[in-house]
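S.K.: need a structure here:
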Amino acid sequence: MYKIPAKSFRTEETIKRSKFIASLAHADSEADAKAYISRVKNEFPDASHNCWAYVVGPPGDSSHVGMSDDGEPHGTAGKPMLTVLLHSGIGEIVAVVSRYFGGTKLGTGGLVRAYSDSVKTALAGLALKEKKEVITLIAIFDYARVAPIKQVIESMNAQITAEEYTANVAFTIEVPKNKETDFVRNLTNLTGGDIRITR
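M.R.: Numbers count the residues shown, from 1 in each chain. Predicted structure coming up:
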C-alpha cells in the first residue's frame, strides 16, 4: 500500500521575474505520463521550457522513471525534479514545470533550486489517496454460500467487482496482495473445500 495523487494539481510562483507553473498528476504507466506531459505542453505552448519528470512505479522505485530539461542547461531541471519525486514518498506521479523566462538569468544553482522548489510547493498541496496492491481472484460456489462468503470478503477488506448468477455463483474479487493466502484459506475452510478459486 502506498500513496498516489488523488487528482491533478497545479501551483504557480514567480522567481526573479520568471514564472514557474508546476503541474502534477497521477500516472501509472509511461504512456500515461507522456500523454499528460503532452497535454501540459499543449496548454503552455509559448512557455520558454516545459521540463518534466515522472516515477510510474511505487515510491522511490527508479526502474520506471523519466525526465527532461527541455532546453534548460543539462541537469538543472529534469534531474532535480525527479530527485524530489523519488524522495516524496508518493508513487505513480508525473510533474511538469512550465517556465516563462522573465529576463533575469538564475544561473545553474538557481535553476536547480527553482525547479525543485516548484515541485515541492506543488507536492505540499497535492491531494493523495492510498493505492492498495490487489490481485483479482474468481470464486465459483453454490447459492447457499453467498451470505457467509460475502461476510468473509468484507472482513478481509476485499471487494467484489463482478457477480454472476448462473448454475453456480461466480464472484470476481479484488484482494489485497498481502492477504491472498489467508483469504483463500478462509474461503476453503468456510466451504469445506467446496469452492473453486482461480487467479
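S.K.: okay, CA-based contacts and neighbour counts for the rest of this
M.R.: Fine.
S.K.: so residue 178, which of the three states?
M.R.: Under DSSP: H, G, I helix; E, B strand; the rest coil, residue 178 falls in the helix class.
S.K.: residues near it, how many?
M.R.: By other Cα atoms under 10 Å, the residues close to residue 178 number 13.
S.K.: Then residue 109?
M.R.: Other residues close to residue 109 by other Cα under 10 Å number 9.
S.K.: which residues touch it?
M.R.: residue 76 (Cα atoms under 8 Å, 6 or more residues apart in numbering).
S.K.: Enumerate the positions of the host helix or strand of it that are buried.
M.R.: Using DSSP states H and E, residue 109 falls within helix 107-125. Neighbour-count burial for helix 107-125 flags 111-112, 114-120, 122-123 (criterion: 16 or more other Cα atoms under 10 Å).
S.K.: Buried residues of the helix or strand of the chain with the lowest mean pLDDT, list them for me.
M.R.: The helix or strand of the chain with the poorest confidence is strand 128-131; it has a mean of 90 (mean pLDDT, DSSP states H and E). Buried positions in strand 128-131, judged by neighbour count with 16+ other Cα under 10 Å: 128, 131.
S.K.: What is the next helix or strand after that strand packed up against?
M.R.: Downstream of strand 128-131, the first helix or strand assigned by DSSP H and E is strand 134-141. Contact analysis of strand 134-141 by 3 or more Cα pairs under 8 Å, 6 or more residues apart in numbering; DSSP states H and E lists strand 169-176, strand 196-198 as its packing neighbours.
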